[in-house]
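Chemist: Got a sequence here, can you build the structure:
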Amino acid sequence: MVDTNRIEGAAKDTVGKLQDGMGGLLGDSATQAKGKVKQVAGQAQGYYGDTLDSVRDATSDQPLIAIAIATGIGFVLGALIARR
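Modeler: Residues are numbered from 1 along each chain as shown. Below you'll find the model as predicted:
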């Protein structure tokens, strides 16, 4: 199942590339910088979507391991909070 973050990230990346190109074509460095920021944001959102898909696939394939990992993380966080 494709996460919507991957689709939105690809769209932001494409819009950012277009904005970057238009800024370069028109000599507008502010528009070009905004385009580069959108590109980076879109790529980051795409990577986030990829990660969510990977985690979702791994947990559905091996649910016991996922439960064990979540339990371990909960135990460590609980121990850290209790130390304060």
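Chemist: just checking, what packs against the longest helix seen in the chain?
Modeler: Identified as the longest helix of the chain according to DSSP state H is helix 29-61. Counting contacts by 3 or more Cβ pairs under 8 Å, 6 or more residues apart in numbering; DSSP states H and E, helix 29-61 packs against helix 4-26, helix 63-82. Backbone N, C-alpha and C define where each C-beta goes, glycine included.
Chemist: Comparing those, which stretch has the densest surroundings?
Modeler: helix 4-26 (a mean of 15; mean count of other Cβ atoms under 10 Å).
Chemist: I'd like to know how far residue 50 sits from residue 33.
Modeler: Applying Cβ to Cβ, to the nearest Å, the value for residue 50 to residue 33 is 26 Å.
Chemist: got a list of what residue 39 touches?
Modeler: By Cβ atoms under 8 Å, 6 or more residues apart in numbering, the contact list for residue 39 reads 12-13, 16-17, 20.
Chemist: Not counting its neighbours along the chain, what's nearest it?
Modeler: residue 16 (3.5 Å; Cβ to Cβ, 6 or more residues apart in numbering).
Chemist: center of this structure, which residue is that?
Modeler: Within the chain, one residue has its C-alpha closest to the average C-alpha position: by Cα atoms, centre = their mean, that is residue 48, at 2.1 Å.
Chemist: show me where pLDDT drops low in the protein?
Modeler: Residues of the chain meeting the criterion pLDDT under 70: 1-2.
Chemist: at 90 what do you get?
Modeler: Where the chain drops to pLDDT under 90, the residues are 1-6, 53-60, 83-84.
Chemist: Contacts only, for the closest residue to the residue nearest to the centre of the chain other than its chain neighbours.
Modeler: Nearest residue to residue 48 in three dimensions, chain neighbours excluded: residue 5, at 5.2 Å (Cβ to Cβ, 6+ apart). For residue 5, the contacting residues are 45-46, 48-49, 52, by Cβ under 8 Å, 6+ apart.
Chemist: Thank you, goodbye.
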